[in-house]
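Novice: Provide a 3D model corresponding to the input given below.
(chains A, B and C)
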Amino acid sequence: MKIGVTLNVNGRDCPVKVEPRKTLADTIREECGQTGTHTGCEHGVCGACTVLLDGEPVRSCLLFAVQAAGRRIRTVEGLADGDKLHPLQRAFIEHHGLQCGFCTPGFLMLAAGMLERDPGIGDEALLDALSSNLCRCTGYQNIVKAVRAAADEMRVSK
Amino acid sequence: MEFDNTLEVPLPPAEAWRVLLDIRRIATCIPGAELTEVVDERTYKGKVAVRIGPVALSLVGQARLEEVDAANQRARVTAQGSDPKGRGSTDAVIEFRLEPAGAGTRVLIHSDVKLAGAIAQYGRGTGMIRSVASQLIGQFGEALKAQIAQAGAGREPGPARPISGITVLGKAAWDSIARSPEKPPSKP
Amino acid sequence: MKPAPFEYHAPRTVREALDVLAEVAPRDGRVLAGGQSLVPAMALRLARPAHLVDINGVKDLERLAVAAGALEIGACARHAAFHRPVVDGPLGLLLSEVARHIAHYPIRIRGTFCGSLAHADPASEWCLVAATLDSRVVARSVRGARTIAAADFFRGAMTTALEADELLAETRIPLPAPDTRFGFSEFSRRAGDFGIAMALATYRVHGGVMTEPRIGIGGVENAPRRIAQAEAALEGKRPGKEAFLAAADAVARAVAPLDDARCPAPYRREVARAMARRALERAAA
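Specialist: Numbers count the residues shown, from 1 in each chain, chains lettered A, B, ... in the order given. As a prediction, the model looks like this:
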């Protein structure tokens, strides 16, 4: 039995009608057409599905869409400001923080959540936070470099 | 995985031996168990309901008394069960032997359990599964003791109510269930 | 895999939640709080509750307050709420230190303290805290409320004293004396993994020797518990290497470690020993 709920994704309202068991990740992708959020393990381990919920990174495969009514959801599609890339996006390009790109939206949103709250985040805390997500391609070093570079830029401009 | 458990039965070895081989009676002591078919005097089909936290499993299968050595009071049971929802299966060989312990009997149980499928992964390895199995055996022992005590008082054992949650039932808890037949069966 | 279908309930008040739970619990209904343990099990279809009672909308359950000498933690208080000390004194700092070890940041944003207790995973950090600090759990149902001591609450792996229709509404942790020292140590192979062994140690110092020692071990057995023999080895002794090693030895001898292919019992025993020693050393630092 489907339930009607309005999701607010990247500032836009997206009314959907879904079964309660449909996860936020699947709903964002299939009902709201925002396929930037990826489903990797679908059971909360890999972090590829990470989105920002009221500014905090969460695993959207562990939330049901019906739970997210009235919350501000931000996905990778909401990072850039029109054509202007977010510092994190630029940093990932400059520092080769991606290869296949599958984990990338998850890492971007995780990092965005951490840095937008505290661009002065220390190295250890940053590493700890980034260890939340899995990447099969890069070996993580360039991801860390990219996020660190973006943090430095965001700290200066704040 | 292999593991050992002991059970104390408040009956002398000869009687304990008879009780333990009375499969119909044993089934009433296994939490959430139901005997569905007696294939022959050694082979029984049934199901067992088991719960680990939010995971409720039904294992449907067969148990067979492979070896019965009345002289030495040892027996071997093989059991296979699988989850009808396809989440896995189990294959177990359980050997038990009796030895006198004071006025009663000590049952030494050696289990060799193989798990396959999703249920094998859930417990983060065999450690948790092994402890769940031990809990089950402990609960079985308590239920058996309570039943023997009831039978001693002249009451017939009833069917085991499927119990949700693997808890070691103290005799008091068991009694309270036995006293309230109207209690709705909890979901296994 | 996608979760199996279920009926969804979103009560607005505690009363409503208890009523719904009473109705659906006998039909395989469960509480949904943080969902960080339940939803993965549902995604793998290991758990298939027919009903979910989502308590995230019940404002009264977000309570986090000090009353009658105890910290009262409501069912919807998230792990992340404890990142910064929620109360002055050693308890706030202790909870903040432990919280950092729970899973990963995004999981801590949603997961709840009380949910962790209700789930009773052997490697739960909060379960260890509750057991070591003699916390009490308030279980509520349409039949009323009852308070359960931590020692009676944890019955085994993923098994607690909660009835199917009971909501773990609140956990109460008695505030330790302001001069209480504490130390926590957990070992896992990778950040965020379930801990192989963890220890929480607290004690006070009076006249140069330790008093009121507590040492709890988690992740090693089916459920966390205080190790009396280790506490006896600390009582009345000077805090330092000798007493700490003796207590760690006592822990190693007392525990019956979980055993599996990835972490055999003998290794786990040694890790438990090390965690006990490190927790004590951190308490003394």
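
Novice: can we go C-alpha only for contacts and neighbour counts from here?
Specialist: Will do.

Novice: and the residue located most distally from the centre of chain C, backbone torsions?
Specialist: Centroid-distance maximum for chain C: residue C:207 at 32.1 Å, with CA atoms, centre = their mean. Dihedral pair for residue C:207: phi 60, psi 30, per degrees, to the nearest 10.

Novice: relative to chain C, how far out is the residue positioned nearest the centre of chain A?
Specialist: Geometric centre of chain A, nearest residue: residue A:109, 2.7 Å, by CA atoms, centre = their mean. Distance, residue A:109 to chain C, by CA to the nearest CA, to the nearest Å: 11 Å.

Novice: for that residue, which non-adjacent residue is closest in space?
Specialist: residue A:51 (5.6 Å; CA to CA, 6 or more residues apart in numbering or on different chains).

Novice: can you pull up the bridge partners for that neighbour?
Specialist: Beta bridges link residue A:51 to residue A:58 when assigned by DSSP bridges.

Novice: what's the burial count for it?
Specialist: 31 (other CA atoms under 10 Å in any protein chain shown).

Novice: in this structure it contacts residue A:74, no?
Specialist: Yes. Residue A:51 lies in contact with residue A:74 (CA atoms under 8 Å); the separation is 6.0 Å.

Novice: which non-adjacent residue is nearest residue A:103?
Specialist: Using CA to CA, 6+ apart and skipping residues adjacent in sequence, the residue nearest residue A:103 is residue A:48, 4.9 Å away.

Novice: that neighbour reaches residue A:132, doesn't it?
Specialist: No. Between residue A:48 and residue A:132 there is no contact under CA under 8 Å: 10.0 Å.

Novice: need the three-state assignment for the residue nearest to residue A:103.
Specialist: Put simply, residue A:48 is coil when judged by DSSP: H, G, I helix; E, B strand; the rest coil.

Novice: and the helices in chain A?
Specialist: Assigned by DSSP state H, the helices in chain A fall at A:24-30, A:87-94, A:104-117, A:123-130, A:141-157.

Novice: helix A:141-157 and the second one, what's the angle between them?
Specialist: Our comparison of helix A:87-94 with helix A:141-157, counting by axes from the mean of the first three to the mean of the last three CA atoms, to 10 degrees, yields an angle of 140 degrees.

Novice: how many neighbours does residue 89 have?
Specialist: I'll assume chain A. Residues near residue A:89, counting by other CA under 10 Å, number 21.

Novice: try again with chain B
Specialist: Counted with other CA under 10 Å, residues neighbouring residue B:89 total 20.

Novice: distance of it relative to residue B:79?
Specialist: With distances taken as CA to CA, to the nearest Å, residue B:89 is found 11 Å from residue B:79.

Novice: intersection of neighbour lists for those two?
Specialist: In terms of CA atoms under 8 Å, 6 or more residues apart in numbering or on different chains, residue B:89 and residue B:79 are not both contacted by any residue.

Novice: in contact with the residue of chain A found nearest chain B, which residues?
Specialist: Closest residue of chain A to chain B, CA to the nearest CA: residue A:43 (12.5 Å). For residue A:43, the contact set (CA under 8 Å, 6+ apart) comprises A:61-62, C:39-41, C:43-44.

Novice: repeat that for 7 Å
Specialist: Residue A:43 sits next to A:61-62, C:40, C:43 when contact means CA atoms under 7 Å, 6 or more residues apart in numbering or on different chains.

Novice: compare those and tell me which is most surrounded.
Specialist: When the contacts of residue A:43 are compared by neighbour count (other CA under 10 Å), residue A:61 ends up highest, at 31 neighbours.

Novice: from the stretch 1-150 of chain C, which residue is nearest to chain B?
Specialist: residue C:47 (4.5 Å).

Novice: so what's the residue count around that residue?
Specialist: Neighbour count of residue C:47, defined by other CA under 10 Å: 21.

Novice: same thing with residue B:34?
Specialist: Close neighbours of residue B:34, defined as other CA under 10 Å, add up to 21.

Novice: in what helix or strand does it lie?
Specialist: strand B:33-40 (DSSP states H and E).

Novice: could you pull out the strands for chain B?
Specialist: Ranges of strands within chain B are B:2-9, B:33-40, B:43-52, B:55-69, B:74-82, B:89-101, B:104-116, based on DSSP state E.

Novice: in chain B, which ranges drop under the pLDDT threshold?
Specialist: Within chain B, the stretches with pLDDT under 70 are B:122-129, B:131, B:151-188.

Novice: and the longest helix for it?
Specialist: helix B:126-152.

Novice: which residues of chain A lie near chain C?
Specialist: For chain A, the contact set with chain C under CA under 7 Å from any CA of the partner chain comprises A:20-21, A:42-44, A:57-59, A:62, A:129, A:131-132.

Novice: if we use 10 Å, what do you get?
Specialist: A:1-3, A:19-23, A:26, A:41-45, A:47, A:50-53, A:56-64, A:66-67, A:110, A:113-114, A:128-133 (CA under 10 Å from any CA of the partner chain).

Novice: among these, name the buried ones.
Specialist: Among those, those buried by neighbour count (16 or more other CA atoms under 10 Å in any protein chain shown) are A:19-23, A:26, A:42-45, A:47, A:50-53, A:56-64, A:66-67, A:110, A:113-114, A:129-133.
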